[in-house]
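[1] Sequence below, structure please.
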Amino acid sequence: MSRPQIAPVKSSIERLPVVMARTGRSRASIYLDMKKGIFPQCFKVGIRAVGWLSSDIDAWIENRAQAGRAGLQA
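    Model prediction:
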């Protein structure tokens, strides 16, 4: 019996304007929540540039959606 093939998750690097657009959050709230540990951490992609993995942002969005749905059911 063979194992099912699992496709690797493809992730890209997203810069701040894209992250802001996808999450609906401001720059200040993103950095504040990163400091609190409730938003994915960015990483350096250049001397003066940072980015986030799209998979991390996807997971954050999904977690927020699930928490919101659970709150509506309570």
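[2] hey, where'd the helices end up in the chain?
    16-23, 27-36, 54-73 (DSSP state H).
[3] Mind checking the pLDDT average for the longest one?
    Translated: helix 54-73. Average pLDDT, helix 54-73: 89.
[4] and it, how far from the chain's centre?
    10 Å (Cα atoms, centre = their mean, to the nearest Å).
[5] Out of the helices of the chain, indicate the one that is most buried.
    Neighbour counts (mean count of other Cβ atoms under 10 Å) averaged over each of the helices of the chain peak at helix 16-23, with a mean of 15. (Each C-beta comes from the backbone N, C-alpha and C, glycine too.)
[6] Run the chain-centre distance for that one.
    With Cα atoms, centre = their mean, you get 10 Å for helix 16-23.
[7] Can you list the buried residues in stretch 35-49?
    39, 40, 42 (16 or more other Cβ atoms under 10 Å).
[8] Return the member of these nearest to residue 58.
    Nearest to residue 58 among these is residue 40, at 9.8 Å by Cβ to Cβ.
[9] right, and the closest one touches residue 51 too?
    No - contact status for residue 40 versus residue 51: not in contact, 10.6 Å apart, counting by Cβ atoms under 8 Å.
[10] most centrally placed residue in the chain?
    Among the residues of the chain, the one closest to the centroid is residue 57, at 1.4 Å (Cα atoms, centre = their mean).
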